[in-house]
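Peer 1: Make a model of this:
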Amino acid sequence: MIVVADASPLVALAICESLDILEKLFDEVKVSLEVYKEVTVSGKVGAAQLKEYLQEKVTDLDLNSFVIEGSSLDKGELSSIALYKHFQADYLLIDEKAGRRVAKLNRIKVIGSLGILIEAKKKGILQSLKPHIEILRSSKIYFNPSLLDYTLKLVNE
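Peer 2: Sure, this is the predicted structure:
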């Protein structure tokens, strides 16, 4: 199975030290060059960790050869959707509401960073989500607090 990742979920997973989960859930992890550039900006949260993790996972793609319906997205999100189509991936890892909406318009299967953590718990990769959720809750990344609470409720924590 192939997953194409957008920037925000990569940063979220890096913050809670869970990037390795992607390797355990998917055969291949791919990112666009635009997403790579976005998450590896010096001084940005998780940049050094992501630079190392994404070494062999970057693909440069010409966006002009893709038609993406309903696209009012930034270059990183657009390039992630195009990469998904290019590789005929199984999932697009994306957290932003607008990006998820456009992905669904284009019949793309999406999963978010919280969905990755839930799957990891279901498959026994993680014993508990609570420590990861609390790290996200106290980070500078915004997650709706009720969504974080709901995530814990889904896994009986």
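
Peer 1: After the longest helix seen in the chain, heading C-terminal, what element do we hit next?
Peer 2: Looking across the chain with DSSP state H, the single longest helix is helix 75-87. On the C-terminal side of helix 75-87, the closest following helix or strand by DSSP states H and E is strand 91-93.

Peer 1: pLDDT of that following strand, averaged?
Peer 2: Mean per-residue pLDDT for strand 91-93: 98.

Peer 1: Direction included, what does it pair against?
Peer 2: The pairing partners recorded for strand 91-93 under DSSP bridges are strand 2-5 (parallel), strand 110-111 (parallel).

Peer 1: Including mean neighbour count and distance to Leu78, could these go into a markdown table?
Peer 2: Just so you know, the C-beta spots here come from the backbone N, C-alpha and C atoms, and that holds for glycine as well. As requested, the strands paired with strand 91-93 are arranged in a markdown table below (neighbours: other Cβ atoms under 10 Å; distance: least, Cβ to Cβ, whole Å):
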| stretch | mean neighbour count | distance to Leu78 |
| --- | --- | --- |
| strand 2-5 | 25 | 12 |
| strand 110-111 | 20 | 15 |
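
Peer 1: could you redo those strands as a markdown table and give each row mean pLDDT and distance to Tyr36?
Peer 2: Putting those into a markdown table (pLDDT from 0 to 100; distance: least, Cβ to Cβ, whole Å) gives the following:
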| stretch | mean pLDDT | distance to Tyr36 |
| --- | --- | --- |
| strand 2-5 | 98 | 10 |
| strand 110-111 | 97 | 20 |
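
Peer 1: do you know which of these lies nearest Asp60?
Peer 2: strand 2-5 (13.5 Å; Cβ to Cβ).

Peer 1: any chance of the strands paired with strand 91-93 in JSON lines, plus distance to Glu17?
Peer 2: Output for the strands paired with strand 91-93, formatted as JSON lines (distance: least, Cβ to Cβ, whole Å):
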{"stretch": "strand 2-5", "distance to Glu17": "16"}
{"stretch": "strand 110-111", "distance to Glu17": "19"}
